[in-house]
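In: Here you go, sequence then predicted model.
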Amino acid sequence: MLYSSTYISPLGRLFLESDGQVLTGLKNGFAQQQIKHTNVSASDDQNLFCIQKTKEWLDIYFSGKNPSFVPPLALSGTDFQKEVWKLLLQIPYGKLVTYGELASQIAQERGLKSMSAQAVGGAVGANPIAIIVPCHRVIGKNNNLVGYAGGLSFKSKLLQLEKIPVSSLIMPQKSRFLDMTCDAFDNTL
């Protein structure tokens, strides 16, 4: 059985999903359509330990602090996606990496000459647990602010919350790119 809950953040409503034991999804309103909701009463899902811990983590995060724990979660995806998401969890609070840097790290770990930054971007864009698995800390080459399933405005606000100077990042010129996922970008990764 799936459980869902909402969290009202300073940046808007967040949608949480759980299997009853661990967090399985976290999206903002823009990306919420990616979560499959099952209706349950608010009292049922509010009392789940994983939902309580996730909301505690979010309270700390949105107060401008780095939470010292990760709530119980499970990432469901391909082996490659899980490999990328594991790297995302290692990105320090307040720091940025590029899709290319992640691709290089995976290539090195696999003993390969190179890895496609676009493939990494696709995996980053499929991240089911936003914010906690910090896909918002990944940018394109040359400081390009690209790719976020929740929209670039939301990504920018998360980076600002972490005291990352977004004024040094380059926003896409065409507005049609502002709310697309990572895998939509070929030359900016």
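Out: That came through, no problem.
In: any idea which element the spatially closest residue to Q21 that is not a sequence neighbour lies in?
Out: Take Q21 and drop its neighbours on the chain: the residue closest to it by Cβ to Cβ, 6 or more residues apart in numbering is C50, 6.4 Å away. Bear in mind the C-beta positions are built from the backbone N, C-alpha and C, glycine included. For C50, the host element (DSSP states H and E) is helix 49-62.
In: and the residue nearest to Q21, how many neighbours does it have?
Out: The number of residues packed around C50, counting by other Cβ atoms under 10 Å, is 22.
In: Repeat that for V120.
Out: The local packing of V120 (other Cβ under 10 Å) involves 29 other residues.
In: N66 now?
Out: 10.
In: is it true that it touches Y93?
Out: Yes - the pair formed by N66 and Y93 meets the contact definition of Cβ atoms under 8 Å, at 3.9 Å.
In: And the residue nearest the centre of the chain, its phi and psi?
Out: The centroid of the chain falls nearest to A130 when counting by Cα atoms, centre = their mean (3.0 Å). Note on A130: its backbone torsions stand at phi -60, psi 160 [degrees, to the nearest 10].
In: So which residues of the protein form helices?
Out: Per DSSP state H, the chain carries helices over the ranges 42-46, 49-62, 79-89, 99-110, 117-125, 152-161.
In: Adding distance to E17 and mean pLDDT, write those helices out as a markdown table.
Out: Below are the helices of the chain laid out as a markdown table (distance: least, Cβ to Cβ, whole Å; pLDDT from 0 to 100):
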| stretch | distance to E17 | mean pLDDT |
| --- | --- | --- |
| helix 42-46 | 9 | 49 |
| helix 49-62 | 9 | 97 |
| helix 79-89 | 16 | 98 |
| helix 99-110 | 25 | 97 |
| helix 117-125 | 18 | 96 |
| helix 152-161 | 18 | 94 |
